[in-house]
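Enquirer: The following block contains a protein sequence and its predicted model.
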Amino acid sequence: MTAAAQFARIPHPAPTPAQRVQEILAAPGFGRFFTDHMVTIDYTEADGWTNAIVEPYASLTLDPATMVFHYGQAIFEGLKAYRQPDGQVACFRIDANAARFRRSARRMAMAELPEELFIESVRQLLEVDSAWVPAAGGEESLYLRPFMFATESGLGVKPASSYKYLLLGSPAGAYFPRGVKPVRVWLSTEYVRAAPGGTGEAKVAGNYAASLLAQAEATAKGCDQVVWLDAVERRYVEEMGTNNLFFVYGSGADARLVTPELSGSLLPGITRDSLLTLAADSGYPVTERKISVEDWRAGAESGEITEVFACGTAAVITPVGSVCGPDGEFAIGGGEPGEVTMALRDTLTGIQRGTFADVHQWMRVL
Ligand code: PLP
Ligand code: COI
């Protein structure tokens, strides 16, 4: 059976009126509104992947002993669908998200959803809820949130024998409310997000739970996001709460980029990977290596580091303007978005919006 033939469909009896959808799309924010439908697929050891269904967005009913509530087997993904100038809808690097979802499942001893079912679930949702994909050309897109959790009931500690996969669609504007204005970040020296051998490189719900106290601390200090350091030496920059980081050294024709190497405890971002390619295409030398907080501070203060930016699906590319920590605050550049940051942002968003040539064939109309 083809992946498409496995999906049943229950249309929403009372979809959101078109005018209300337009109002939502005009100012969607992030993660506040959901499309009319969702996709669900069940997994059991006995039957494999079954009950693939596109149905009205609705609450779930779960047994209180469902294992995800107790032992936390839960993973997710985040990707975006963009309206193209010709009206079609294209997803950015969906294959990479499907592959990372499988890797996350493997790390959490969960069932691995085949890539073709992941992609087909997105195709099915986009087919029924295409009116929720914002107009071409702007910052807005349809954020897609595939996720999966353990559904077996029982309190024995072991990998569950059954799982539920779901897909939600949520129209999205800028993740940071101030758009591309540089953010202020908080260096977390007290807490650690992920340690070697842990789950840091998987997209696991628990990683985010573990980050929230430090994120609350960042907010209390007037910062937008937390920056994580390595767990062992508490010295090397890993990533931000929901983004990877790039450092720009020098400027103009001499600009070169550095991003923290994949240590095993930071998320291998798909935006990060794309920017490694786009930076090289633009002729910027790029290095993946360790970068310490001392190097960051010294580089920013001497002017050798001219720009720093955060990148991720939700936040796209956001400049980092200043860094706060227990030892005080330092600024990067002049408080305005840098030249290299904005050039890479234009290239990436141009590809996503269909206005730049997609030479790497990252956009896929499903
Ligand atoms: N790091 C973390 C912790 C994230 O949550 C994200 C967002 O997905 C990223 C990095 C960036 O990953 P991607 O570019 O695949 O969205
Ligand atoms: C994404 O960019 O998709 C993320 O995962 C960030 C999210 C946790 C809001």
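Expert: Sure thing, it's come through. Residues are numbered from 1 along each chain as shown. Ligands and ions are numbered 1, 2, ... in the order given.
Enquirer: Could I get the contacting residues of the residue in the stretch 101-250 of the chain positioned nearest to ligand 2?
Expert: Minimum separation of the stretch 101-250 of the chain from ligand 2 (Cβ to the nearest ligand atom) falls at residue 242, amounting to 3.8 Å. For every residue, glycine as well, the C-beta is placed using N, CA and C. By Cβ atoms under 8 Å, 6 or more residues apart in numbering, the contact set of residue 242 is 175, 225, 312, 314-315.
Enquirer: nearest to ligand 1, of those?
Expert: The shortest gap between ligand 1 and any of these belongs to residue 312, at 3.3 Å (Cβ to the nearest ligand atom).
Enquirer: How many residues are close by the nearest residue to that closest one once chain neighbours are set aside?
Expert: Nearest residue to residue 312, sequence neighbours excluded (Cβ to Cβ, 6 or more residues apart in numbering): residue 243, at 4.0 Å. Neighbours of residue 243 under the rule other Cβ atoms under 10 Å: 28.
Enquirer: so how far is ligand 1 from residue 243?
Expert: Note on residue 243: its distance to ligand 1, by Cβ to the nearest ligand atom, to the nearest Å, is 5 Å.
Enquirer: ok, for residue 40, nearest residue in space, not its chain neighbours?
Expert: residue 166 (5.2 Å).
Enquirer: Past the helix or strand where the one you found lies, which element shows up next along the chain?
Expert: Taking DSSP states H and E as the criterion, residue 166 maps to strand 162-172. Once the chain leaves strand 162-172, the next helix or strand it forms, by DSSP H and E, is strand 183-188.
Enquirer: Isn't the residue nearest to residue 312 up against residue 310?
Expert: Yes. Assessed by Cβ atoms under 8 Å, residue 243 is found in contact with residue 310 at 3.7 Å.
Enquirer: quick revisit: mind checking which helix or strand the residue of the stretch 101-250 of the chain closest to ligand 2 is in?
Expert: Here residue 242 is assigned to no helix or strand, by DSSP H and E.
Enquirer: intersection of neighbour lists for residue 243 and residue 310?
Expert: Residues within reach of residue 243 and of residue 310 at once, by Cβ under 8 Å, 6+ apart, are 225, 318.
Enquirer: Spit out the contact partners of residue 270.
Expert: By Cβ under 8 Å, 6+ apart, the contact set of residue 270 is 79, 92-93, 96-97, 100, 313.
Enquirer: quick one: which of those residues sit in helices?
Expert: The helices, defined by DSSP state H, take in 96-97, 100 from the contacts of residue 270.
Enquirer: What about ligand 2: which of those touch it?
Expert: Among these, proximity to ligand 2 is found for none (Cβ under 6 Å from any ligand atom).
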